[in-house]
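Participant: please work out how this folds:
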Amino acid sequence: MLRNLYNMFGFKSYRFWLYFFCCIFVYGCTGVPDKLKTADRLIETSPDSALQYLQHISPNLYKSPSNHAFYDLLLVRAMDKMLIPLKSDSILDFSLNYYLTHHDNKQLAICYLYKGRKYKYELHYDKAMDFYFKGLDIAQRTNDNLLLGRFNLDMGDIYLIQREYSLARQKYKLSFYYFTKIKFQPQAFYSFLNIGRTYHAAKEYIIAQRFYKKGVNNAADSLERASVLQEIAINFYDRHQLDSAMLYFRQVINYPYIGNNKAVRYSYFADLFLDLKQIDSATLYAKKALNFYPDYVTQRECYRILTNTAFLKGNIRQMKIYMNQYVVLSDSVRKIESQTKGSMVDSIRSSTLELMKTKNRTGYIVIGLLFVFIMLVLILYIFLKKRNAIKIQMSEINSQQQNIDNRKKALIKYSETLIQKIETIKSKQLAERKKASHSEKEKMDRKIYEEILNLNDIKIFYNEMDIILNNLVSKLRTRYPTLTTKEIIWCCLYLLHIPTTDINLLLDYKEGSLMKMKQRMAEKVDIARVIQLYDLLNNILAE
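Facilitator: Next comes the predicted model:
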């Protein structure tokens with residue numbers, strides 16, 4: 001055989017062997033260097049070590065474009081794992097352009113993933129989704145479950161931010177499936193937790209709580225446990241179960257955190273203290289939240305809390321400063337929310353892909369070009385029309401939300417004024433109350449409420465409550481004609497934040513009777529649980 005090779009090349013034997021070993025040497029040089037392989041293995045388990053390892057390697061050592069592209073991509077992956085922002089596109093773009101021309105599907109998909117993440121971190125969600133869709137198409141050809149899980153997890157995050165809860169839930173379920181398939185516990189845990197967050201965002205708090213309870217049992221470390229406890233606390237807070245929310249916030253407040261989770265905890269904690277009228281604590285935690293890299297939404301909420309606390313303290317100058325910050329941040333949030341939604345990006349992308357397939361099928365270049373032009377104009381028209389419709393819709397939603405916020409503020413102010421009036425009257429009666437028996441004090445309290453709220457004249461009371469509570473009485477009487485006068489009065493007193501003991505006094509209820517009344521009322525309004533009454537009343541109030 002060697003003789004045949006020798007005759008074929010026409011070389012003497014030493015020349016043939018020299019050529020043979022040169023080929024082997026050149027082939028070996030084109031392979032991936034061991035140092036880069038080592039860094040690749042370290043990224044998932046020890047990203048800090050991988051980053052340090054890469055930073056001590058001079059990229060000039062790898063002059064071949066393939067190794068250069070691989071080195072740059074490893075560096076981007078390690079930085080992302082360590083939450084270090086990528087300040088320049090140049091590193092990633094070199095790798096992206098290389099793998100585009102050399103058709104390495106897996107590495108190209110990874111480039112698209114991190115390109116999308118860069119835009120996601122910069123809050124350019126429409127651009128991020130464009131890269132995610134491109135990368136996901138390619139990743140599906142590789143059958144790489146880890147990569148597919150990451151694409152779906154990131155896309156679910158954007159859908160959740162853009163309030164497309166059903167689409168977000170689909171993506172999180174897919175990511176959970178892919179991560180579970182390869183037993184990648186941390187990402188599977190957060191995918192499962194995020195499914196619960198989609199239900200919470202959609203105000204399906206009970207379903208969300210089920211996911212969170214399972215998450216507590218599956219948490220593998222303190223970071224994961226902190227994440228799920230934080231969501232449980234927020235879920236209780238948004239359900240207006242303030243005692244439970246306080247219990248969980250106190251548990252999680254000093255847990256370890258990643259990203260802006262600390263800011264989120266402090267922000268909600270501050271809001272909780274504001275609801276409990278603990279103004280100093282609300283101010284303290286709102287200011288603390290601003291020191292832990294909050295996102296725009298969290299910053300806005302902090303300045304809303306600080307505006308309210310400054311107002312309650314009578315510090316008008318400081319209130320104006322906080323209010324200006326709140327307005328600026330609200331504008332920024334509105335700009336982010338006005339971006340093209342992920343579903344629209346998908347629609348445009350799908351239309352474009354279909355257009356390209358049609359173009360490839362046609363054998364007539366002129367007809368194909370004309371078809372592309374017409375389709376692009378049509379897509380642009382539809383896009384602009386839908387974008388304008390979305391803008392109008394968002395404007396209406398913002399206007400409605402503003403009205404709801406104004407009503408809530410007015411109600412809070414009225415409730416505070418009401419309580420202040422009651423306390424003022426009680427302070428004037430202080431000497432008389434010291435001498436009075438328990439029953440006499442109750443009579444005095446009842447008389448105060450009857451005079452302030454006109455409870456002796458039910459028509460006047462109903463009219464005042466309709467004015468204050470956005471026609472709540474009229475809506476209840478129209479929709480639920482079987483409700484009794486006491487039940488309607490309870491609805492009003494609950495929304496006015498009247499203490500339960502005073503409600504029992506005014507309605508002549510003993511301990512336990514109020515709960516029975518709520519149970520009867522829940523049956524009349526056709527809801528399963530008493531706790532849903534509170535959501536029902538708040539929804540009617542917000543209409």
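Participant: how close does the residue nearest the centre of the chain sit to Lys120?
Facilitator: Nearest to the geometric centre of the chain sits Ile161, at 5.0 Å (C-alpha atoms, centre = their mean). From Ile161 over to Lys120 the distance is 9 Å, taken as C-beta to C-beta, to the nearest Å. For the C-beta atoms, the positions are set from N, CA and C on the backbone; glycine is no exception.
Participant: same check, this time on Ser439
Facilitator: Applying C-beta to C-beta to Ser439 and Lys120 gives a distance of 65 Å.
Participant: okay, these two: which has more neighbours?
Facilitator: Lys120 (20 against 8; other C-beta atoms under 10 Å).
Participant: so, low pLDDT: which residues of the stretch 351-500 of the chain?
Facilitator: 353, 360, 362-364, 366 (pLDDT under 70).
Participant: redo that, cut-off 80
Facilitator: Across the stretch 351-500 of the chain, the ranges flagged by pLDDT under 80 are 351-366, 368, 394-408, 410.
Participant: next: the chain.
Facilitator: Short version for the chain, where the test is pLDDT under 80: 1-33, 58-63, 86-90, 349-366, 368, 394-408, 410, 511.
Participant: now do the helices in the stretch 401-543 of the chain.
Facilitator: 430-435, 438-453, 458-468, 472-479, 485-495, 500-507, 513-524, 531-542 (DSSP state H, counting those that start in this stretch).
Participant: output the contacting helices and strands for the second one.
Facilitator: On a contact count with 3 or more C-beta pairs under 8 Å, 6 or more residues apart in numbering; DSSP states H and E, helix 438-453 meets helix 365-428, helix 430-435, helix 500-507.
Participant: and for Arg163, nearest residue in space, chain neighbours not counted?
Facilitator: Ala201 (7.1 Å; C-beta to C-beta, 6 or more residues apart in numbering).
Participant: that neighbour: neighbour count?
Facilitator: If we define neighbours as other C-beta under 10 Å, then Ala201 has 16 of them.
Participant: what of Leu51?
Facilitator: Other residues close to Leu51 by other C-beta under 10 Å number 21.
Participant: that one reaches Met79, doesn't it?
Facilitator: Yes: the pair Leu51 and Met79 qualifies as a contact (C-beta atoms under 8 Å) at a distance of 6.6 Å.
Participant: what helix or strand does Ala282 sit in?
Facilitator: helix 279-289 (DSSP states H and E).
Participant: can you check Gln318 too?
Facilitator: Going by DSSP H and E, Gln318 is in helix 316-337.
Participant: can I get that helix in PDB? Just the C-alpha atoms.
Facilitator: What follows is helix 316-337, C-alpha atoms only, in PDB (Å, rounded to 0.1, in the frame of the first residue of the first chain):
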ATOM      1  CA  ILE A 316     -44.300  69.800  50.800                       C
ATOM      2  CA  ARG A 317     -40.900  70.800  49.400                       C
ATOM      3  CA  GLN A 318     -39.600  67.300  49.600                       C
ATOM      4  CA  MET A 319     -42.800  65.900  48.300                       C
ATOM      5  CA  LYS A 320     -42.400  68.000  45.100                       C
ATOM      6  CA  ILE A 321     -38.900  66.800  44.600                       C
ATOM      7  CA  TYR A 322     -40.000  63.100  44.900                       C
ATOM      8  CA  MET A 323     -43.000  63.800  42.700                       C
ATOM      9  CA  ASN A 324     -40.800  65.200  39.900                       C
ATOM     10  CA  GLN A 325     -38.700  62.000  40.000                       C
ATOM     11  CA  TYR A 326     -41.900  59.900  40.000                       C
ATOM     12  CA  VAL A 327     -43.200  61.700  36.900                       C
ATOM     13  CA  VAL A 328     -39.800  61.300  35.000                       C
ATOM     14  CA  LEU A 329     -39.600  57.600  35.800                       C
ATOM     15  CA  SER A 330     -43.300  57.100  34.800                       C
ATOM     16  CA  ASP A 331     -42.400  58.600  31.400                       C
ATOM     17  CA  SER A 332     -39.500  56.200  31.100                       C
ATOM     18  CA  VAL A 333     -41.700  53.200  32.000                       C
ATOM     19  CA  ARG A 334     -44.300  54.300  29.500                       C
ATOM     20  CA  LYS A 335     -41.700  54.500  26.700                       C
ATOM     21  CA  ILE A 336     -40.500  51.000  27.500                       C
ATOM     22  CA  GLU A 337     -44.100  49.700  27.600                       C
END
